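Visitor: Provide a 3D model corresponding to the input given below.
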Amino acid sequence: MIEFFVTGDFNVIQSQVYIILAMWVIMVLAVCIDLWAGTDSAKARGEKIYSGGLRRTFSKLGDYWRIQVMALIFDLIGSCIDWYTLPFASMLVTAAIVLIEGRSVWENERAKKSQVAKLPDAIRAIIQCADAKTAEQLLDKLKKLDDETRTK
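Guide: Numbering: from 1, shown residues only. Purely as a prediction, here's the structure:
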C-alpha cells in the first residue's frame, strides 16, 4: 500500500480488494451450504423447518462479518509493512470460518444418517395406536427390529 502513495499505482490496492471480497463471498457461501445441509438434515429427520434456523444463519453471518471487518482492519495496518503483500488476516479468518461451517455440515450429514433420523416414524406410529392391541403389535414389531439390529 505504501507503493500506492509513492507510485500512484492503483493495481496493488485493487488486487487486495478483490482478494478480500472473494474471501467474504467464500464466507457467505460456506454459511449458505451449512444452511442447506441443516434444512436437508431436518427434512430427513422429519422435523418441521421454522424461521428460527434462518434467523440463526443471519445472526451467524453478522458475527462473521464483524470478525472479517476486524481482519480487514488488521490487513490495512499490515499493508503499511513492506512484506505484508496479501490480506493474510482475511484469508486466515475465512479459512477458519470455512472449517467451522464444514464441521457443521459434516455433523448435519451424520445426524441425517443416524438412527435418530428414523425415530420420528416410530413416534408417529406410537401416537397413532388407538387401542391396546395395536400398541402390542407395534411393540412386537419394534422388538423384532431391535433384535435384527443387534444381530447385525
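Visitor: ok, residue 102 touching residue 29?
Guide: No. Under the criterion of CB atoms under 8 Å, residue 102 is not in contact with residue 29, lying 11.6 Å apart. C-betas here are computed from N, CA, C, even on glycine.
Visitor: what pLDDT does the residue of the chain positioned farthest from its centre get?
Guide: Most distant residue from the mean C-alpha position of the chain: residue 133, 45.1 Å away (CA atoms, centre = their mean). Looking at residue 133, its pLDDT stands at 76.
Visitor: that one and residue 66, how far apart?
Guide: Residue 133 sits 60 Å away from residue 66, taking CB to CB, to the nearest Å as the criterion.
Visitor: related to what we said a few turns ago, pop out the phi and psi values for the residue farthest from the centre of the chain.
Guide: Per-residue torsions, residue 133: phi -60, psi -40 (degrees, to the nearest 10).
Visitor: swap in residue 82?
Guide: phi -60, psi -40.
Visitor: likewise for the one 4 residues further on?
Guide: For residue 86, the backbone dihedrals (degrees, to the nearest 10) come out as phi -120, psi 160.
Visitor: wait, it sits on residue 19?
Guide: Yes. With contacts defined as CB under 8 Å, residue 86 counts as touching residue 19 at a distance of 6.6 Å.
Visitor: for the two, list the residues in contact with both.
Guide: Counting by CB atoms under 8 Å, 6 or more residues apart in numbering, residue 86 and residue 19 have no contacts in common.
Visitor: which residues touch residue 54?
Guide: Residue 54 is in contact with residue 35, counting by CB under 8 Å, 6+ apart.
Visitor: and the gap between it and residue 11?
Guide: 40 Å.
Visitor: before we move on, what about residue 142?
Guide: For residue 142 relative to residue 11 (CB to CB), the value is 68 Å.
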